[in-house]
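Asks: how would this look folded up:
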Amino acid sequence: MVMKIYVDTSVFGGCFDAEFEEWSNKLVEEFMRGFKVAVISDLTLRELEDAPLKVRSLVGEIPEEHKEYVVLNDETKALARCYIQEGVVVMDSW
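Replies: Residues are numbered from 1 along each chain as shown. Here you go, the predicted structure:
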């Protein structure tokens, strides 16, 4: 079974940031080769619309069979609220 990893805009932007490029590029390469599946949300895709072209284009370079898309819905919002309430993640605002 191939590992699925949720990625947000910071992973794609990290490919062009000296501090994170080594690890971000390694992860993106693993998606491209099919060693891992990139799980990408509609929220991430919307955020990428404002990113530089080189960052936006990375998503398209990953073969479709190595990507899975998820949509923000009531169920995912409820799960996020639960995580925040339990202190799993901390959000300043949502």
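Asks: any low-confidence regions in this protein?
Replies: 91-94 (pLDDT under 70).
Asks: switch to 90 and redo it
Replies: Counting by pLDDT under 90, the chain has low-confidence residues at 1, 72, 76-77, 79-81, 83-84, 87-94.
Asks: so which residues of it form helices?
Replies: Assigned by DSSP state H, the helices in the chain fall at 9-14, 21-32, 42-48, 53-61, 74-85.
Asks: out of the ones you listed, which comes closest to residue 3?
Replies: helix 21-32 (8.9 Å; CB to CB). Quick note: C-beta positions are derived from backbone N, CA and C, even for glycine.
Asks: contacts for that closest one, please.
Replies: 5, 7, 11-15, 17, 36-38, 58, 61-63, 66-67 (CB atoms under 8 Å, 6 or more residues apart in numbering).
Asks: buried ones among the residues you listed?
Replies: 7, 11-15, 36-38, 58, 62, 66-67 (16 or more other CB atoms under 10 Å).
Asks: redo those as CSV? Include distance to residue 85.
Replies: Below are these laid out as CSV (distance: CB to CB, whole Å):
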residue, distance to residue 85
7, 25
11, 26
12, 29
13, 29
14, 29
15, 33
36, 30
37, 29
38, 28
58, 34
62, 34
66, 34
67, 31
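Asks: picking that back up, out of the helices of the chain, flag the one nearest residue 1.
Replies: Using CB to CB, the nearest of the helices of the chain to residue 1 is helix 21-32, at 14.7 Å.
Asks: quick revisit: most packed of the helices of the chain?
Replies: helix 9-14 (a mean of 20; mean count of other CB atoms under 10 Å).
Asks: roughly how far out does that one sit from the chain middle?
Replies: 8 Å (CA atoms, centre = their mean, to the nearest Å).
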